[in-house]
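J.: Test case, fold it:
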Amino acid sequence: MSPNLTSTGTGVVVSADVAIIGGGLGGVAAALAVVRAGGRAVLTEEFAWLGGQLTSQGVPPDEHAWIEQFGATASYRALREGIRQYYRDHYPLTETARATDRLNPGAGLVSKLCHEPRVAASVIDAMLAPYRSNGRLVVLQPFAPVSSEHDAGTVRSVTVADGDGNTVTIHAPYILDATETGALLPLTGTEYVTGAEASTEFDEPSAPPVADPGNVQAITWCFAFDHADGDNTIDKPADYEFWRDYQPDFWGDRLLSFTAPDPRSLVPVTRTMVVNPDLVDGRDSDQSLSGGDSDLWMFRRIAARSNFVPGSYDSDIVMANWPMLDYLEASVLDNPDAAQHFEAARQLSLSYFYWLQTEAPRPDGGTGWPGLRLRGDVLGTADGLAQAPYIRESRRIKAVTTVTERDISVAASADPGPATFAKSVGVGMYRIDLHPSTGGDNYIDVECRPFEIPLGALLPRSTTNLIAASKNIGTTHITNGAYRLHPVEWNVGESAGELAMFCLREGTTPHAVEESDELTARFQTRLQTSGIEIHWPVIAGY
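T.: Numbering: from 1, shown residues only. This is a model prediction of the structure:
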């Protein structure tokens, strides 16, 4: 039943049915799918919390407007409801908040469910706990992939290492790359792309005329903060002067300001930040009710004190994931100086927080809020920043099926209805939303159709037993902007785990499933039985 572990002179060797490298949302969902189907899985993660963008990266879920009714897998719904129940079970909610079915603990405007990252990490741990206890699932933390054995399009093993040089070599018939950056792709000889494709490659209206592998969406190093009495000013960051003077051509002001381009109009707009305002809406606050990021405090607030018994919270808690924190200097993918750029992104975030404390214009005419306080305890860190940077764009496999702008854009397809694929393995929805990029692009924001996830997008063209299980699927630079969000990543990972187990049970291969209408239909039935929606409902008339 359990993965087999043995020790050798050079490290630990483990074998399982499925190896899942990367413990973000896709990796967690894949692990659940494997063990739910009776398989044995090894799941690796390089940071302290499982959950990736939802937890260690500190990003509350970005979701579509219908998430409470449809358009997500059953297990993703269980995660969402588990987060709400965790608050009801453990937090001093007001009776009104406790009785609210669609509890939004932070009342943030970005999502119908804004919450503390550690709560999601706790719920994910609880979802996996029975399988770790019965031995079907082994979780290796903190381990990251460092090498692999592969030949003739087959991955024989993957070796992961921790910060102390300890290694574990994992053998499994199927290897799932659920890393945040597609880190397994170069290690396994799997063909992949980075950055922007040329417009001529897929006839995409929003793509540039010339391909640029180094042009990727900015990373962001998020941080959590609140407001307390006294002077909580941090030490002046080493690179503060550089970032204080930094101004992209299209920004309309310095990066360290309240100004940033509007994602849709591209016109620079000055945001507000009102510290500890009253709760906007006692039932549900989201972007359909307001201007979204027009007020930075409420945009990604993760604990609204008005939702809790009076006296429980002296201040709201806010997660900073704002345009002004987007790191535009360079891509970290296939960059020998990646570590330097990760540190520079951290310096940008610390510099912005220091600017808020010391120089930011207040609504009352004053300057700075020295009472602002970093909350590393909320993120599981000592310095107040997230454990990991928020990665929007990964290496992407050269896939059997590549989703293009022509497939999912309303304008490019001349169809506002759902974008369908005959061999769908899931659904998702988000605008094609690309943040400013390392190639100097402003926002790219395109109206998107509700879309499906084609089976072929999970499959590399040549590697036979590696399945993409995160943001590394067969999308383009443009369509990655829609497929990169929380419920889609979860769905991709869950379907990847289901595919590996289906192939083991049936004695077949992922490519054979995709090539056979009969096998695809049987696999889709399995997905639906497991609570995975593969088509959008058809709604006519309102």
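J.: Ranking helices and strands of the chain by mean pLDDT, which lands last?
T.: strand 4-8 (a mean of 66; mean pLDDT, DSSP states H and E).
J.: after that one comes which helix or strand?
T.: strand 11-15 (DSSP states H and E).
J.: Quick check: buried residues in that next one?
T.: 13-15 (16 or more other Cβ atoms under 10 Å). All C-beta atoms are positioned from the backbone trio N, CA, C, and that covers glycine.
J.: Then stretch 110-128?
T.: 110-124, 127-128.
J.: Over to stretch 404-415?
T.: 404-410, 412-413.
J.: same deal with stretch 227-241?
T.: Neighbour-count burial for stretch 227-241 [16+ other Cβ under 10 Å]: 227, 232-233, 237, 239-240.
J.: Distance check, the closest residue to Gly39 other than its chain neighbours against Ala303.
T.: Nearest residue to Gly39, sequence neighbours excluded (Cβ to Cβ, 6 or more residues apart in numbering): Asp17, at 4.2 Å. Separation of Asp17 from Ala303 (Cβ to Cβ, to the nearest Å) stands at 40 Å.
J.: Same question for Thr96.
T.: For Thr96 relative to Ala303 (Cβ to Cβ), the value is 16 Å.
J.: Between those two, point out the one with more neighbours.
T.: Ala303 (27 against 11; other Cβ atoms under 10 Å).
J.: Who are the contact partners of the more buried one?
T.: The contact partners of Ala303, by Cβ atoms under 8 Å, 6 or more residues apart in numbering, come to 105-106, 115-116, 313, 316-317.
J.: What does it show for phi and psi?
T.: phi -150, psi 110 (degrees, to the nearest 10).
J.: what is it paired to in the beta sheet?
T.: Assessed by DSSP bridges, Ala303 has beta-bridge partners Ile317.
J.: ok so, going back, can you list which of the buried residues of stretch 110-128 are found in helices?
T.: 117-124, 127-128 (DSSP state H).
J.: Not counting its neighbours along the chain, what's nearest Pro370?
T.: Using Cβ to Cβ, 6+ apart, the nearest residue to Pro370 is Asp231, at 4.5 Å.
J.: tell me the SS of the one you found?
T.: What DSSP: H, G, I helix; E, B strand; the rest coil gives for Asp231 is coil.
J.: measure it to Arg373 for me?
T.: From Asp231 to Arg373 the distance is 10 Å (Cβ to Cβ).
J.: Kindly provide the whole-number mean pLDDT of stretch 416-429.
T.: Taken as a whole, stretch 416-429 has a mean pLDDT of 96.
J.: For His171, see how far away Thr154 is.
T.: From Thr154 to His171 the distance is 12 Å (Cβ to Cβ).
J.: One more: Arg449?
T.: 41 Å.
J.: who's more crowded, those two?
T.: Neighbour totals were compared for Arg449 and His171, and Arg449 leads with 21 against 18 (other Cβ under 10 Å).
J.: Domain ranges for this protein, per the record?
T.: The chain breaks down into these domains under automatic domain parsing: 4-60+118-196+393-408+424-431+453-529, 219-276+315-379.
J.: Find the residue closest to Pro268 in space, skipping its chain neighbours.
T.: Gly252 (2.4 Å).
J.: and that neighbour, how many residues sit next to it?
T.: The local packing of Gly252 (other Cβ under 10 Å) involves 17 other residues.
J.: again, but for Arg88
T.: Arg88 has 14 nearby residues by other Cβ under 10 Å.
J.: Over to the one 3 residues further on?
T.: With neighbours defined by other Cβ under 10 Å, the count for Tyr91 comes to 19.
J.: thinking it is in contact with Phe308, fair?
T.: Yes - Tyr91 lies in contact with Phe308 (Cβ atoms under 8 Å); the separation is 6.6 Å.
J.: now, which of the buried residues of strand 11-15 sits nearest Ala512?
T.: For these, the residue nearest Ala512 by Cβ to Cβ is Ser15; the value is 23.5 Å.
J.: so the closest one bridges to which residues?
T.: Beta-bridge pairing of Ser15 under DSSP bridges involves Asn4, His171.
J.: wait, what's in contact with it?
T.: Counting by Cβ under 8 Å, 6+ apart, Ser15 has contacts 3-4, 170-172.
J.: how far does stretch 393-410 stretch from start to finish?
T.: Length of stretch 393-410, first residue to last, Cα to Cα, to the nearest Å: 22 Å.
J.: Also stretch 260-272?
T.: With Cα to Cα, one end of stretch 260-272 sits 11 Å from the other.
J.: Glu359 reaches Gly368, doesn't it?
T.: Yes - between Glu359 and Gly368 there is a contact under Cβ under 8 Å: 5.7 Å.
J.: who's more crowded, the two?
T.: Using other Cβ under 10 Å, the more surrounded residue of Glu359 and Gly368 is Gly368, with 16 against 13.
J.: That one contacts Val275, correct?
T.: No - under the criterion of Cβ under 8 Å, Gly368 is not in contact with Val275, lying 11.4 Å apart.
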